[in-house]
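[1] let me see the structure of the following:
(chains A and B)
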Amino acid sequence: MKTYLVKRLLQIIPTLLGITLITFLIIQLSPGNPAMLKLKMASEGQVSENAISQQIVEQTKKLYGLDKPIPVQYLLWVKRVFTFDFGNSYKDHRKVWDKIAERLPVTLQLNIISILLVYLIAIPCGIYSATHCGTWQDRMLTVSFFILYSLPSFWIAVLLIMLLGGGDFWDVFPVYGISSIGAESLSLSAWLRDRLWHLILPVACLTYGSLAYLSRLARSGILEVIREDYIRTARAKGLKERVVIYKHALRNALLPIVTLLAFLLPGMFGGSVIIESIFSIPGMGQLSFEAVLSRDYPVIMAITTISALLTLVGLLLSDILYAALDPRIKLE
Amino acid sequence: MGEARERRTYWQMVWHHFRRRRLAMVGLWVSVALFVVALLAPVLANDRPLLLRYQGHWHCPLWSHEEGIGLDTWKELREQMGPDDFALWPLISYSPTEYNLLENLEPPSPRHWFGTDDSGRDVLSRMIYGARISLSVGFLAVGIALVIGIFLGALAGYFGGWIDDVISRVIEILLTIPTFFLIITIIAFLPPSIYNIMVVIGLTGWTGVARFVRAEFLKLKRLDFVLASRALGASNARIIFLHMLPNAMAPVLVSAVFGIAGAILTESALSFLGFGVPPPTPSWGDILSQSRDYIEFAWWLTTFPGLAIFLSITAYNLVGEGLRDAMDPRLFT
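    Here you go, the predicted model:
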């Protein structure tokens, strides 16, 4: 176990460097970069934009040292990443960290609720489907999860807003932001209800895709395990079906699904970008979308780097957890 | 009977299992139909007739210009047609870019089956041409991803050692970076064009293929036929591409089909957010994004393009799922 841990931790180093390299490539696309300028001029030759972007070009040059040779630029960038120094936003000149700190809780709120819902619904559904394999209930669940899995979330979001957001159809849910105007002065219970009311649609849109994906995985995972010899042994020695399923089968079947969490995170972030901008929710997703639109380089770089680092930590944890819990994994 | 079964090739057996899955076949037919619609878009929806007899001459307007026939625009043709003239109009007689501000935001009607958008363009016509964008992005992005994924996955699995280490690290790095945000960022800074979208989706989407090919090559390289061809003096390239790759194609094909669904989804999400193909070109995500401005009433702008995205993704997912099940080695015993 110890050697595995050491080996796995050592593997992080090249990955970290790779992340800085990819984000560095994004800097090379930035407005201050000579290569990018040439590309832009060749493709459009716009004059009107030049006056505005000149200031941005200068700022970017200063921030990332774009007038220096490329190896020096890269080293400067690595230093920034490891000291978490991402500079100030171009848009309002506030510290990037402050902007992120103010947006992060909202996104966490959305995504934690969504992840909890995903696991709380997906695993029972998967178990039910697998233990009732072939019945009409199973077939119905399978088909509906398949459909949910293929439904684009931005379409569902727009449809829900159209149908339930107070247009020509029904007016059930608020479709703007995460609280009503003046919500701060409400009592705690009223505030909670208001917040919940605002969160229902966006959380639903964020949840159903992963939910469908995960319960399909849970179903096939359990079905796979149920075919194995040790389950037959457990049944043969007369254990109750409940014990066979919940004690013996589930432990092995659900492990990969729980550790899958780390892989879900980047996708959820991508989902937040779309859903938050549709519902005007002031979270990280909207921040990153706005940053891309206004070419706010420091914010883009900070968000990309931080989310990559967080996912890396998640992957690492899930690998270690997996190795620790599943003795079948060979620890070289 | 037994002899006949033995003579079937692997792919014939896969097809045999595949065609027995009804949903997979439905998916296949829907994707074929979408392909045909995309291919025949100018014949299905156009503002010019397919065949025209005008002032005593026959024309095929798909290949000729209005000036050659003696018209300023195709729109006047309808008024100028004499009793001897004949025109065979396409099913939808509107081009995707032909606007008519007098008819903007009309709900579905016999004139405009799927309604019109805010410039009075026919939504169905735009959707038919949108299929071209979606499918070409889907196929080309996956094509790029396949080339990179197969090549790197084969190298990693065949040679192992440090080559495998390097490629596996690169895959892990791409896994950690939020792909969709990366795509938006890169697309936002490149000049708007459909080719950039294909390339960026392809460049960020090859990791799945590479992992499958690598795993398959790890299994294959221990088999006797690889040893035999090496003993015969075959070069590494020959062994990899001629002998091993055909045997590793099954999982590649499955992930390619799922990849098409994914690329179509990504393209429509990009267009929806305003990072898609440049404006006059119609795309499903773009129509859907337009609908947000008229969301209170314009249900046709929301429903139909979304349905098209959903249908095509579902079709490819069904085919992918059917293929995966049909290739399950447990069936071949």
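[2] helices and strands of chain A: which one bottoms out on pLDDT?
    Least confident helix or strand of chain A, by mean pLDDT, DSSP states H and E, is helix A:34-43 with a mean of 52.
[3] gap between the closest residue to residue B:192 other than its chain neighbours and chain A?
    Nearest in space to residue B:192, with sequence neighbours left out and distances taken as Cβ to Cβ, 6 or more residues apart in numbering or on different chains, is residue B:278 at 4.4 Å. In this view, the C-beta of every residue, glycine as well, is placed from N, C-alpha and C. Distance, residue B:278 to chain A, by Cβ to the nearest Cβ, to the nearest Å: 11 Å.
[4] what about the residue in the stretch 101-250 of chain B positioned nearest to chain A, which helix or strand?
    Scanning the stretch 101-250 of chain B for the residue nearest chain A gives residue B:180, at 3.1 Å (criterion: Cβ to the nearest Cβ). Residue B:180 is located in helix B:179-189, with elements delineated by DSSP states H and E.
[5] that helix - contacts with which helices or strands?
    For helix B:179-189, the elements it packs on are helix A:2-28, helix A:261-278, helix A:284-293, helix A:297-325, helix B:194-204, helix B:249-272, judged by 3 or more Cβ pairs under 8 Å, 6 or more residues apart in numbering or on different chains; DSSP states H and E.
[6] what about the longest one and chain B, touching?
    Yes: part of helix A:297-325 sits near chain B under the criterion Cβ under 8 Å from any Cβ of the partner chain, namely A:300, A:303, A:304, A:307, A:308, A:309, A:311, A:312, A:315.
[7] tabulate those in CSV, adding columns for pLDDT.
    Formatted as CSV, the residues of helix A:297-325 next to chain B follow (pLDDT from 0 to 100):
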residue, pLDDT
A:300, 86
A:303, 87
A:304, 86
A:307, 84
A:308, 85
A:309, 85
A:311, 83
A:312, 84
A:315, 82
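[8] could you dump those into CSV and include neighbour count?
    Converted to CSV, those look like this (neighbours: other Cβ atoms under 10 Å in any protein chain shown):
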residue, neighbour count
A:300, 26
A:303, 27
A:304, 21
A:307, 21
A:308, 27
A:309, 16
A:311, 21
A:312, 21
A:315, 21
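[9] from those, pick the one nearest residue A:14.
    residue A:312 (11.4 Å; Cβ to Cβ).
[10] give me the nearest residue to that closest one, chain neighbours excluded.
    Spatially, and ignoring its direct neighbours in sequence, residue A:312 is nearest to residue B:176 (4.7 Å; Cβ to Cβ, 6+ apart).
[11] and the one you found, how far is that from residue A:275?
    22 Å (Cβ to Cβ, to the nearest Å).
[12] following element in sequence after the lengthiest helix in chain A, please.
    If you go by DSSP state H, chain A has its longest helix at helix A:188-226. For helix A:188-226, the following helix or strand on the C-terminal side (DSSP H and E) is helix A:229-236.
[13] how about that following helix: buried residues?
    Buried residues in helix A:229-236, defined by neighbour count with 16 or more other Cβ atoms under 10 Å in any protein chain shown: A:231, A:234.
[14] give me the residues contacting it.
    For helix A:229-236, the external contacting residues (Cβ atoms under 8 Å, 6 or more residues apart in numbering or on different chains) are A:225, A:241, A:243, A:244, A:248, A:249.
[15] closest to residue B:57 among those?
    Nearest to residue B:57, judged by Cβ to Cβ, of the contacts of helix A:229-236 is residue A:225 at 73.8 Å.
[16] for the closest one, what are its contacts?
    Residues in contact with residue A:225, defined by Cβ under 8 Å, 6+ apart, are A:231, A:249, A:252, A:253.
[17] from chain B, how far out is it?
    For residue A:225, the distance to chain B - Cβ to the nearest Cβ - is 15 Å.
[18] so what's the residue of the stretch 201-332 of chain A found nearest chain B up against?
    Per Cβ to the nearest Cβ, residue A:270 is where the stretch 201-332 of chain A lies closest to chain B, at 3.1 Å. Each residue near residue A:270 by Cβ under 8 Å, 6+ apart is listed here: B:178, B:179, B:180, B:181.
[19] residue A:200: which of the residues you listed is nearest?
    Minimum distance to residue A:200 across the contacts of residue A:270 is 23.8 Å, recorded for residue B:180 (Cβ to Cβ).
[20] rewinding a little: and the helices and strands packed on helix B:179-189 as JSON lines, adding distance to residue B:94?
    Output for the helices and strands packed on helix B:179-189, formatted as JSON lines (distance: least, Cβ to Cβ, whole Å):
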{"stretch": "helix A:2-28", "distance to residue B:94": "41"}
{"stretch": "helix A:261-278", "distance to residue B:94": "29"}
{"stretch": "helix A:284-293", "distance to residue B:94": "32"}
{"stretch": "helix A:297-325", "distance to residue B:94": "40"}
{"stretch": "helix B:194-204", "distance to residue B:94": "22"}
{"stretch": "helix B:249-272", "distance to residue B:94": "21"}
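[21] out of these, which is closest to residue B:305?
    The closest of the helices and strands packed on helix B:179-189 to residue B:305 is helix B:249-272. By Cβ to Cβ, the value is 8.2 Å.
[22] quick one: low-confidence parts of the chain?
    Since no chain was named, I'll use chain A. Applying pLDDT under 70 to chain A flags residues A:30-67, A:327-332.
[23] wrong one, I was asking about chain B
    Along chain B, the parts satisfying pLDDT under 70 run over B:1-7, B:64-77, B:79, B:82, B:329-333.
[24] how about the residue in it that sits furthest from its center?
    Farthest-out residue of chain B from its mean C-alpha position, per Cα atoms, centre = their mean: residue B:83, at 43.8 Å.
[25] which strands and helices sit next to the one helix or strand residue B:31 maps to?
    Residue B:31 is part of helix B:22-39 when elements are defined by DSSP H and E. Here helix B:22-39 touches helix B:123-159, helix B:299-326, going by 3+ Cβ pairs under 8 Å, 6+ apart.
[26] mind putting the ones you listed in CSV, mean neighbour count and distance to chain A included?
    Shown next, in CSV, are the helices and strands packed on helix B:22-39 (neighbours: other Cβ atoms under 10 Å in any protein chain shown; distance: least, Cβ to the nearest Cβ, whole Å):
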stretch, mean neighbour count, distance to chain A
helix B:123-159, 23, 12
helix B:299-326, 23, 4
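[27] any idea how far the spatially most central residue of chain B is from residue B:129?
    Most central in chain B under Cα atoms, centre = their mean is residue B:135, positioned 2.3 Å from the mean C-alpha point. According to Cβ to Cβ, residue B:135 and residue B:129 sit 11 Å apart.
[28] and what of residue B:28?
    Here residue B:28 is placed at a distance of 23 Å from residue B:129 (Cβ to Cβ).
[29] near chain B at all, stretch A:158-168?
    Yes: shown here: stretch A:158-168 in contact with chain B (Cβ under 8 Å from any Cβ) through A:158, A:159, A:161, A:162, A:165, A:166, A:167, A:168.
[30] ok now that stretch, how far from the chain's centre?
    Centroid separation between stretch A:158-168 and its chain, computed with Cα atoms, centre = their mean, to the nearest Å, is 26 Å.
[31] and the contacts of that stretch?
    For stretch A:158-168, contacts defined as Cβ under 8 Å, 6+ apart pick out A:169-175, A:201, A:204-205, A:278-279, B:288, B:291-292, B:295-297, B:299, B:302-303, B:306.
[32] switch to 7 Å and redo it
    For stretch A:158-168, contacts defined as Cβ atoms under 7 Å, 6 or more residues apart in numbering or on different chains pick out A:169-170, A:172-173, A:175, A:201, A:278, B:288, B:291-292, B:295-297, B:299, B:302, B:306.
[33] what are the buried residues along that stretch?
    For stretch A:158-168, a neighbour-count test (16+ other Cβ under 10 Å) marks A:158, A:159, A:160, A:161, A:162, A:163, A:164, A:165, A:166, A:167 as buried.
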